[in-house]
Every structure is written in C-alpha cells, then in structure tokens.
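Asker: predicted coordinates and the sequence they were generated for:
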Amino acid sequence: MSRWNISHTTEIDAPIDKVWSALIDIDDWHWNKWTRLEASEASTGTKGKLKASYEGDDQWETFDFEFGPVSEKEHLLSWQGSVGPKGSLFSGQHHSMQLEAIDKSHTRLIHQERFGGLLPMLGLGLPYKTLDQNYLLMNEALKEKMEASQ
C-alpha cells in the first residue's frame, strides 16, 4: 500500500448513462487535458498507450497500459501499468473511474488509483501531489462537460 494512493468523488448533474457514454468514449476525451488513453477499444485486457500531461499543457509523457475490468453493467472503467519485474519498481494498480446513480438525473463519479512498488513507497517515480490534483481536475472537467450538455 502506498501513501500516495488517490481517491476523489464528484457528483455530476447528469444521468448515469450519459456520463458513461462520455467516459467510455476514450477517442473523445478532449475534455481531459491531463490523460489520454490510446487503444483499439476500451475493453478488459486491451493494451494501449497512456499519455499523461502533468501540467495540462499538451506536453505528454507516454506509458504502456492495459485495461483492467471494463464493465457497462457496473459503470467501471479501469486500467493499470507497471515497471520492473511484476511491478516491483512501480505499479499503477487499478486506476479506476466508476459511476454510481444517485437518482435518475445525478451521478457519482469515484476516481481512484492505488500505487505499488518500490518507487511510490519512496515517493519517487511520479509527481504524486500533481497527479492527485489532476485527478480532481479530471473529475471537474467531466462534470463541466456533462452539465453543459444538459
């Protein structure tokens, strides 16, 4: 377990199916200045490239990733990546964005990532405080996109 684990919850004034459609459409994540997922499709086991822009300024760092569970029924989109044998140096374990219906027109977004390996344990490898802020900004950007389209 890492002290750098991230978790943010945001309530969105939009129905869960509309939010899910925007979240699962990884080819249209223009609302997201901090993360891009490039893959043939968003489905469990599909591999791709994750692009991270720590400052949201179109300066991208690229990492390999693989989708973990992706479930329309559970409204769950997850992915992970690692460095070193079995993630011994670094693992972004189950970065997930999951939706819950609050009622017919409101959705809760739960955005989390657990980090493992030697580098996060030492506070090295990634700008964890910046990532924490960026994940909150991602939530707020999706909220803004969804609420503007109502």
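Answerer: Good, I have the coordinates. Residues are numbered from 1 along each chain as shown.

Asker: on contacts alone, who are the packing partners of the helix or strand bottoming out on mean pLDDT in the chain?
Answerer: Using mean pLDDT, DSSP states H and E, the weakest-scoring helix or strand in the chain turns out to be helix 118-122, at a mean of 83. The contact analysis (3 or more Cβ pairs under 8 Å, 6 or more residues apart in numbering; DSSP states H and E) places helix 118-122 against strand 90-103. For glycine as for every other residue, the C-beta is placed from the backbone atoms N, C-alpha and C.

Asker: buried residues in whichever helix or strand comes after the strand it packs on, which are they?
Answerer: Per DSSP states H and E, strand 90-103 leads on to strand 106-116 as the next helix or strand towards the C-terminus. In terms of neighbour count (16 or more other Cβ atoms under 10 Å), strand 106-116 has its buried residues at 107, 108, 109, 110, 111, 112, 113, 114, 115, 116.

Asker: these two touch, right, the first one and residue 100?
Answerer: Spelled out, it's residue 107. Yes. Applying Cβ atoms under 8 Å as the test, residue 107 and residue 100 come out as touching, 7.0 Å apart.

Asker: hang on, the earlier thing: any chance of the buried residues of strand 106-116 in CSV, plus distance to residue 35?
Answerer: Formatted as CSV, the buried residues of strand 106-116 follow (distance: Cβ to Cβ, whole Å):
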residue, distance to residue 35
107, 19
108, 20
109, 14
110, 16
111, 10
112, 14
113, 11
114, 16
115, 15
116, 19
